[in-house]
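**Q** structure for the following, please:
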Amino acid sequence: MGKGIDTDLDCSHFAHQIAEGYEFVGRYYRMPPPYSRYPTLTRAEAHALSAAGLSIVSIWEFISGSRGRIESLNYQAGSAEGKRAYMQALAIPQPSGTPIYFAVDEGYDPANREYGGPIDDYFQGVNDAFAGCAGGNPPAYAVGVYGPGAVCEFLKAKGRTQYSWLANASRWPGYGFADWQIKQGFGDKALPIDNDTDECRDNAGLWQM
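**A** So this is what the prediction gives:
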């Protein structure tokens, strides 16, 4: 198992401090303001983290800023956001063969068709966008999901995702989901930035510059 953190904030100036206790950092691709008030992962930050010996895991934040609420999940959003995430990863450049995790940051149970349908449509859009960006070649990146265990299991069974990041939300459906690559924990208050801790397995899709 590897130990890491995820955070909304630029870690460039804290990379060596983080590396004293952790092996990887989860950082976001996202839209610029006004869609998000937090910084996106940049090439400079990826270099700083890698130079400190840290690996990176990539996450996409929804354009709407609604943190994955059901009204934001549809095929068109998945297609648009999948393309943006893919192009931001290429610009870093994130190494080929690694995943981008897309967050479903609410406690939805996809067994309810009101939720399962939009979630499935969104991730179909992401997959189609990745295929379109690849121009007939295999996509450079794999698709992952961060969220409730029930969503992770649902999307894996559908073939929409290859990677799962289990959210630290024990009241969300499927919290006992065991087939995760990353599992989120509680924050480390000793670090100078807001964060959640994580543990990962060897097949989590971490990368360095």
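**Q** skip the chain neighbours and tell me the closest residue to Gln124.
**A** Tyr75 (6.0 Å; Cβ to Cβ, 6 or more residues apart in numbering). (Glycine included, C-beta is placed from N, CA and C.)
**Q** for Ile193, same thing?
**A** Nearest to Ile193 is Leu9, by Cβ to Cβ, 6+ apart, at 4.8 Å.
**Q** only alpha carbons, please: show stretch 81-97 as PDB.
**A** Extracted as PDB, the C-alpha positions of stretch 81-97 are listed here (Å, rounded to 0.1, in the frame of the first residue of the first chain):
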ATOM      1  CA  GLU A  81     -15.500  17.600 -19.700                       C
ATOM      2  CA  GLY A  82     -13.800  14.400 -20.900                       C
ATOM      3  CA  LYS A  83     -12.300  16.300 -23.800                       C
ATOM      4  CA  ARG A  84     -11.100  19.200 -21.500                       C
ATOM      5  CA  ALA A  85      -9.500  16.800 -19.000                       C
ATOM      6  CA  TYR A  86      -7.800  14.800 -21.800                       C
ATOM      7  CA  MET A  87      -6.400  17.900 -23.400                       C
ATOM      8  CA  GLN A  88      -5.100  19.300 -20.000                       C
ATOM      9  CA  ALA A  89      -3.400  16.000 -19.300                       C
ATOM     10  CA  LEU A  90      -1.700  16.100 -22.700                       C
ATOM     11  CA  ALA A  91      -0.500  19.600 -22.000                       C
ATOM     12  CA  ILE A  92       1.300  18.600 -18.800                       C
ATOM     13  CA  PRO A  93       2.100  16.000 -20.300                       C
ATOM     14  CA  GLN A  94       0.700  13.300 -18.200                       C
ATOM     15  CA  PRO A  95       2.300   9.900 -19.200                       C
ATOM     16  CA  SER A  96       0.300   7.700 -21.500                       C
ATOM     17  CA  GLY A  97      -1.500   4.800 -20.000                       C
END
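**Q** quick check: buried residues in it?
**A** 81-86, 88-89, 92, 94 (16 or more other Cβ atoms under 10 Å).
**Q** average pLDDT for it?
**A** Per-residue pLDDT over stretch 81-97 has a mean of 97.
**Q** run a quick neighbour tally on the residue nearest to Ile193.
**A** Counted with other Cβ atoms under 10 Å, the neighbours of Leu9 add up to 16.
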